[in-house]
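J.: Generate a structure from the sequence data that follows.
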Amino acid sequence: MSKLIHLFLFDIKLLRYLYSLPFVVHILCMILIINFGSSSDSPFTSYTIVQGIAVPIAGWHLVFLYASLYDNGAKEALINYYRKVIIIDIVRYMLLHAIFILLLIFLTIKINGVEFFNSVLSIHLLILFVFYQIVGIAILSATRSLEISLGIIATYTFMEVVTQGTFMPWPHLFIFEEPVINIWLILTFISLGVGILVSIYQIWREFK
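T.: Residues are numbered from 1 along each chain as shown. Below you'll find the model as predicted:
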């Protein structure tokens, strides 16, 4: 426990004000769900806030932390350290952000009822959460740039959420309406699965 506390304190000291950004967004999501989720005609308004804002931002902590690895000349000095802690880092930030996601799920259930989270949506949100936790590091390790990595993630997520997945014929990761078992839903899960596998491979390739 003391080691975990030490790691979190080190991260806070390293990132400073950036460390608070994901938490601020989580709080903003709670406010949005309370204010707009309960007054919206669509039960998916709250879920869209969770999947389209809270889940993606939950992966930014790891991107912020590992960006220092790609500062000029830093990789050779830091790579051995990050090899030792990358799995620990991923797990501890998954657990940390899972707490906030569960709070948002609780708010969504209060608004839409417990029956809203059927098995499809529950599995989808879990897989989407895992995807966003690791895809940021994978993209960062490929681009070697914090700005490009966050830009790719933010642009894709923004376009998908704003257009409800209708803007481009690329792989779609989100669900914006009552799930029906069809080819499009299957493709959504396949896209998430492929994204997770490719991300794991890229992370293994970089930190092996």
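J.: So what's the residue count around the residue lying closest to Leu146 once chain neighbours are set aside?
T.: Nearest residue to Leu146 in three dimensions, chain neighbours excluded: Ala67, at 3.9 Å (C-beta to C-beta, 6 or more residues apart in numbering). Just so you know, the C-beta spots here come from the backbone N, C-alpha and C atoms, and that holds for glycine as well. Counted with other C-beta atoms under 10 Å, residues neighbouring Ala67 total 21.
J.: for the stretch of helix or strand Leu140 belongs to, which positions count as buried?
T.: According to DSSP states H and E, Leu140 maps onto helix 119-143. By neighbour count on 16 or more other C-beta atoms under 10 Å, the buried set for helix 119-143 is 120-121, 124-125, 127-141.
J.: following that helix, which helix or strand comes up?
T.: In the C-terminal direction, the helix or strand that comes right after helix 119-143 (DSSP H and E) is helix 146-162.
J.: Output the contacting helices and strands for that next one.
T.: helix 55-58, helix 60-67, helix 119-143 (3 or more C-beta pairs under 8 Å, 6 or more residues apart in numbering; DSSP states H and E).
J.: Show me what counts as buried in that helix.
T.: For helix 146-162, a neighbour-count test (16+ other C-beta under 10 Å) marks Leu146, Ser149, Leu150, Ile152, Ile153, Tyr156, Thr157, Glu160, Val161 as buried.
J.: Now do that helix against helix 60-67, angle only.
T.: Computed with axes from the mean of the first three to the mean of the last three C-alpha atoms, to 10 degrees, the direction of helix 146-162 lies at 160 degrees from that of helix 60-67.
J.: Which is the succeeding secondary structure element to helix 146-162?
T.: Using DSSP H and E, the helix or strand that follows helix 146-162 in sequence is helix 183-207.
J.: Mind giving me the packing neighbours of that next one?
T.: Counting contacts by 3+ C-beta pairs under 8 Å, 6+ apart, helix 183-207 packs against helix 75-112, helix 119-143.
J.: Out of these, the one nearest Val50 is which?
T.: When the helices and strands packed on helix 183-207 are compared by C-beta to C-beta, helix 75-112 sits nearest Val50, at 4.8 Å.
J.: The helices and strands packed on helix 146-162 into TSV, with extra columns for distance to Asn35 and mean pLDDT?
T.: Shown next, in TSV, are the helices and strands packed on helix 146-162 (distance: least, C-beta to C-beta, whole Å; pLDDT from 0 to 100):
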stretch	distance to Asn35	mean pLDDT
helix 55-58	18	96
helix 60-67	24	94
helix 119-143	21	95
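J.: okay, the ones you listed in JSON lines with distance to Ala98 next?
T.: Compiled in JSON lines, the helices and strands packed on helix 146-162 are given as follows (distance: least, C-beta to C-beta, whole Å):
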{"stretch": "helix 55-58", "distance to Ala98": "8"}
{"stretch": "helix 60-67", "distance to Ala98": "13"}
{"stretch": "helix 119-143", "distance to Ala98": "7"}
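J.: now Phe36, what's its secondary structure?
T.: Counting by DSSP: H, G, I helix; E, B strand; the rest coil, the backbone at Phe36 sits in helix.
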